[in-house]
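> quick one, fold the following:
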Amino acid sequence: MLSRKTEDYLEAIYDEIKEKGYVRVKALAERLKVKPPSVSEMLSRLHSQGYVIYRKRSGITLTLEGEKIAKSIRARHDIFEKFLKIIGVPDEIAGKDACILEHHLDKKTIAQFKAFVEFAEQKENKQFSKAFREFCRKKRETNPPS
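Residues are numbered from 1 along each chain as shown. Okay, the predicted model is just below:
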């Protein structure tokens, strides 16, 4: 089992590659809100574990195993972010909270979240999400947060 920190790095590398086509230490440090020396240290560790190909002052790429893990993490993140948005969580909070959820739930729980999101996204079930958001709006009006 990988640590949350390791998963965060693999996901960030994957996202940078998808967005820009390449990854640099500085960009990774900015994305993860850490110092470049911390990124270099983790990249060396990930390289020795076989998840990335990394040489100082050169680009960073994922190995096949690293990419497989990163795609899985990204998929979990996306499931949770979609779920949170379906239930009316604001976008900026949904993204942040999805980062927390993606690391801590059992695979069976994740599978159920995925099934729920797929269900809610089907055209014939869109009314379900709309009705739930309306329910929440009315609840806030009658019971405002203290």
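
> so where's the longest helix in this protein?
In the chain, taking DSSP state H as the definition, the longest helix is helix 64-86.

> what comes into contact with that helix?
2, 7, 10-11, 13-15, 46, 50-52, 62, 91, 93-95, 97-99, 101-102, 110, 113-114, 116-117, 120-121, 129, 132 (Cβ atoms under 8 Å, 6 or more residues apart in numbering). Bear in mind the C-beta positions are built from the backbone N, C-alpha and C, glycine included.

> ok, now stretch 135-146?
For stretch 135-146, contacts defined as Cβ under 8 Å, 6+ apart pick out 87, 88.

> give me the mean pLDDT for that stretch.
For stretch 135-146, mean pLDDT rounds to 81.

> C-alpha coordinates for it, PDB please?
As requested, the backbone C-alpha atoms of stretch 135-146 are provided in PDB (Å, rounded to 0.1, in the frame of the first residue of the first chain):
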ATOM      1  CA  PHE A 135     -34.400  19.500  -0.700                       C
ATOM      2  CA  CYS A 136     -31.100  20.800   0.600                       C
ATOM      3  CA  ARG A 137     -32.000  24.400  -0.300                       C
ATOM      4  CA  LYS A 138     -35.300  24.200   1.500                       C
ATOM      5  CA  LYS A 139     -33.600  22.600   4.500                       C
ATOM      6  CA  ARG A 140     -31.100  25.500   4.700                       C
ATOM      7  CA  GLU A 141     -34.000  28.000   4.500                       C
ATOM      8  CA  THR A 142     -35.900  26.400   7.400                       C
ATOM      9  CA  ASN A 143     -32.800  25.400   9.400                       C
ATOM     10  CA  PRO A 144     -30.000  27.900   8.700                       C
ATOM     11  CA  PRO A 145     -26.500  26.800   9.900                       C
ATOM     12  CA  SER A 146     -25.600  28.200  13.300                       C
END
